[in-house]
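**Q** The following comprises the amino acid sequence and a computationally predicted model.
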Amino acid sequence: MREISLDRLRTLIAITERGSFADAARALNLAPPTVSLHIAELEERIGAPLLSRKRGQVRPSAIGEVLVERARRLLADAEQALDDIQRQVQGLEGRVRLGASTGVIAYLLPQALEVLRRHHPAIDIQLAVLTSHETLVRLADGTLDVGLVALPQSPVAGLAIKPWRRDPVMAFVPAHWRCPARVTPDWLAARPLILNDATTRLSRLTAEWFAAAGHHPAPRIQLNYNDAIKSLVAAGYGAALLPHEATTPLPDRRVVMRALRPALWRRLGIAHRAGHVERTTQHVLDVLWDLRLA
């Protein structure tokens, strides 16, 4: 079935508003035969007359009036769609889909979201709680725009992965335990542990830290939600190894935080699709980049 062209509808509206084929042709900067052809094609497609001439003036038929009303709405919707898309192209509004872990979403992203709210209020940030592997998979298949991932990562075709920030991993210990100033694998391996679940990069990082000292401790429980882990530490259930961002509030007084010996660092990267980056996505990347030293 042949589709109706918006240009033909625009011609019909112009004739209706001006009451004349000739005036419509001048307004649309078209040759009069072209205007006549547009109406003929519309009437052939509809299967009924759309215009009638009465006392020297062209008026829409009953069916023509219905089509003109619908055509005005269609053209207004088309113009609005183009305006909306243009605003997205200009970076004034749009949607950015971002994937990150719970820890990053809880403590780092709120700072970025606050800046974006002030400077780019029409950008809609859609967050997904994902592991680094899930984030990279979804970036590659086009269902995410930006990802915050643990480093190192193997190169992924079509993706750009840049180092973003480095935060120390600290020991979070119940305050009633007698704890050294710097916590070693030997000391911590002998205590009850609450660790991140085995699917996370942090779990592998801490396992390597223990293994370098010859330890392979089994945790009492594994979780993937840092605030829940800290709550269990506060309850005295065990100690934990977690990254600590400089802007993160200190744990409550039932928890003490100690540096590790040897030191351990959680490194994060920013990932996005390589090549052309839409302006809305670039605004988000710029704000996140400013947090690399926060």
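**A** Looks like it arrived, so ask away.
**Q** contacts and neighbour counts: CA atoms only from here.
**A** Noted.
**Q** Now do the contacts for T206.
**A** The contact partners of T206, by CA atoms under 8 Å, 6 or more residues apart in numbering, come to L241.
**Q** tell me the secondary structure for it?
**A** State at T206, reduced to three classes by DSSP: H, G, I helix; E, B strand; the rest coil: helix.
**Q** How much space separates it from A218?
**A** 12 Å (CA to CA, to the nearest Å).
**Q** Repeat that for I39.
**A** Per CA to CA, I39 is found 79 Å from A218.
**Q** So which of those two has more stuff around it?
**A** Taking neighbours as other CA atoms under 10 Å, I39 and A218 compare with I39 leading, 20 against 13.
**Q** hang on, the more buried one is in a strand, isn't it?
**A** No - looking at I39 with three-state DSSP, it is helix, so not inside a strand.
**Q** so what's it scoring on pLDDT?
**A** Looking at I39, its pLDDT is 91.
**Q** Walk me through the regions of the stretch 101-250 of the chain where pLDDT falls short of the threshold, as ranges.
**A** 246-247 (pLDDT under 70).
**Q** Run the chain-centre distance for stretch 123-143.
**A** 7 Å (CA atoms, centre = their mean, to the nearest Å).
**Q** quick one: pLDDT of R87?
**A** 64.
**Q** Just give the closest residue to L51, not the sequence neighbours.
**A** Spatial nearest neighbour of L51, excluding adjacent residues (CA to CA, 6 or more residues apart in numbering): P60 at 4.2 Å.
**Q** Correction: the previous question concerned A218.
**A** What sits nearest to A218 in space, not counting adjacent residues and going by CA to CA, 6+ apart, is L193, at 7.5 Å.
**Q** repeat for P174
**A** Excluding the flanking residues, the one nearest P174 by CA to CA, 6+ apart is V255, at 4.7 Å.
**Q** any idea how far A181 is from the residue nearest to A218?
**A** 18 Å.
**Q** Between the two, point out the one with more neighbours.
**A** Taking neighbours as other CA under 10 Å, L193 and A181 compare with L193 leading, 21 against 11.
**Q** need the contact list for that one.
**A** By CA under 8 Å, 6+ apart, the contact set of L193 is 218-221, 237-240.
**Q** got the contact list for L242?
**A** Contacts were defined as CA under 8 Å, 6+ apart; by that measure L242 touches 169-172, 226.
**Q** Now do the host helix or strand of it: distance to the chain's middle.
**A** Following DSSP states H and E, one finds L242 within strand 240-243. Centre-to-centre, strand 240-243 and its host chain are 27 Å apart (CA atoms, centre = their mean).
**Q** Just the CA atoms of that strand, as CSV, please.
**A** Written as CSV, here are the backbone C-alpha positions of strand 240-243 (Å, rounded to 0.1, in the frame of the first residue of the first chain):
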residue,chain,number,x,y,z
ALA,A,240,35.4,-7.1,55.4
LEU,A,241,37.7,-5.7,52.7
LEU,A,242,36.1,-2.9,50.8
PRO,A,243,37.2,0.1,48.7
